[in-house]
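**Student:** Below are the sequence and a predicted model; questions follow.
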Amino acid sequence: MATFDSGGQAIAFDDIGAPGEGRPVILVHGFTSNRNENWRRLGWYGAFERRRMRMIAFDCRGHGESAKPHDPSAYGRENLAGDILALMDHLDIERAHLLGFSMGSRLALSAALKMPKRFSTLTLGGVGEKLFEKRTFAGNPMAEAMETADPNSISEPMLRSFRQFADEQGEDRLALAALTRAKDEPFTREELSGLNVPVLVVAGARDELAGDPEPLAKVFPDGRAVTIPGCDHFSAIPHALFKATVFDFLDGTLA
């Protein structure tokens, strides 16, 4: 493990593969996860190593072995996406492929919108048409689920799943709650329609958090969508079809 400083926060990362082995791929994990769980344990590290591709994966602030401030002002999409660009600067990477999942897809998308010329391709996993939905509920149920002392008091199944996963990973629940309390404006179709980077959108057919990936992919000038049969939000990440689709996309062979 290595670390670097990004805006006063220590960010942990792995850099695997020789710098000369093609354009690198940067991996951005989902909420309550970390680089080891989201990518190493689920086979992505090994898949990239077998392809002899340089791969960089990091722990988003608030997760894993990176800094975990409890102040919402330390988070927000601007800061979290900025860590991606800061990591590239730290490693002297001018251009890379970018792959995110769920929260990581939102951060990857934000980084690409800010600096599109630095990314050869953009893969958005675990997101779909619901990316454009505005919050219709009061309060912050996710933060409350992270902050409660009694996880059995969480009645909503999806919130309970995220809380259980955070506990299993030994994550700092107060840091995660602070992250969800940070201001985060929704994306608009107008801003995405101007992103001139090849984009792949992948989601499970049963992913209720993401929705259909096709309407999101159609917004981009050069977008394509793949639906993974039989998968929900969590089971799509390790699926062999997800990996195969990503590699076809990176090879330029995905129609």
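**Tutor:** Looks like it arrived, so ask away. On a predicted model such as this, the values are computed, not experimentally measured, just so you know.
**Student:** contacting residues around stretch 230-249?
**Tutor:** Residues outside stretch 230-249 that contact it (C-beta atoms under 8 Å, 6 or more residues apart in numbering) are 30, 38, 42-44, 47, 51, 99, 101-102, 121, 123, 125-126, 161, 198, 200, 202-210, 224, 226, 228-229, 254. No exception for glycine: its C-beta is placed from N, CA and C like everyone else's.
**Student:** What are the buried residues along it?
**Tutor:** If you call a residue buried by 16 or more other C-beta atoms under 10 Å, then stretch 230-249 has these buried ones: 231-234, 236-237, 239, 241-243, 245-246, 249.
**Student:** Which among the contacts of stretch 230-249 count as buried?
**Tutor:** By 16+ other C-beta under 10 Å, the contacts of stretch 230-249 give 30, 38, 42, 44, 47, 51, 99, 101-102, 121, 123, 125-126, 161, 198, 200, 202-204, 207, 209-210, 224, 226, 228 as buried.
**Student:** so of those, which ones are in strands?
**Tutor:** Members of the buried ones among the contacts of stretch 230-249 lying in strands (criterion: DSSP state E): 99, 101, 121, 123, 125, 200, 202-204, 224, 226, 228.
**Student:** Okay, strands next: where are they in the stretch 1-150 of the chain?
**Tutor:** 2-6, 9-16, 25-28, 55-58, 96-101, 119-125 (DSSP state E, counting those that start in this stretch).
**Student:** remind me which residues of the stretch 1-150 of the chain are low pLDDT?
**Tutor:** Residue ranges of the stretch 1-150 of the chain with pLDDT under 70: 18-21, 135-139.
**Student:** Just give the number of residues close to Leu87.
**Tutor:** The number of residues packed near Leu87 is 22, by other C-beta atoms under 10 Å.
**Student:** typo on my end, it should be Ala225
**Tutor:** Neighbour tally, Ala225, other C-beta under 10 Å: 20.
**Student:** Pick the one among the buried residues of stretch 230-249 closest to Ser6.
**Tutor:** Nearest to Ser6 out of the buried residues of stretch 230-249 is Ile237 (C-beta to C-beta; 24.8 Å).
**Student:** Shouldn't that closest one be within a strand?
**Tutor:** No. Secondary structure of Ile237 (DSSP: H, G, I helix; E, B strand; the rest coil): coil, not part of a strand.
**Student:** roughly how far apart are it and Leu27?
**Tutor:** Ile237 sits 11 Å away from Leu27, going by C-beta to C-beta, to the nearest Å.
**Student:** next one: Asp167
**Tutor:** With the distance defined as C-beta to C-beta, Asp167 ends up 24 Å from Leu27.
**Student:** Looking at these two, which one has more neighbours?
**Tutor:** Leu27 (25 against 13).
**Student:** Now the more buried one: closest residue in space, sequence neighbours ignored.
**Tutor:** Ala57 (4.1 Å; C-beta to C-beta, 6 or more residues apart in numbering).
**Student:** Is the one you found bridged to anything, and to what?
**Tutor:** Asp14, Leu27 (DSSP bridges).
**Student:** Would you check how far apart it and Arg189 are?
**Tutor:** 30 Å.
**Student:** Comparing those two, which residue is more hemmed in?
**Tutor:** Ala57 (27 against 13).
**Student:** The more buried one against Tyr45, yeah?
**Tutor:** Yes. Using C-beta atoms under 8 Å, Ala57 makes contact with Tyr45 at a distance of 7.4 Å.
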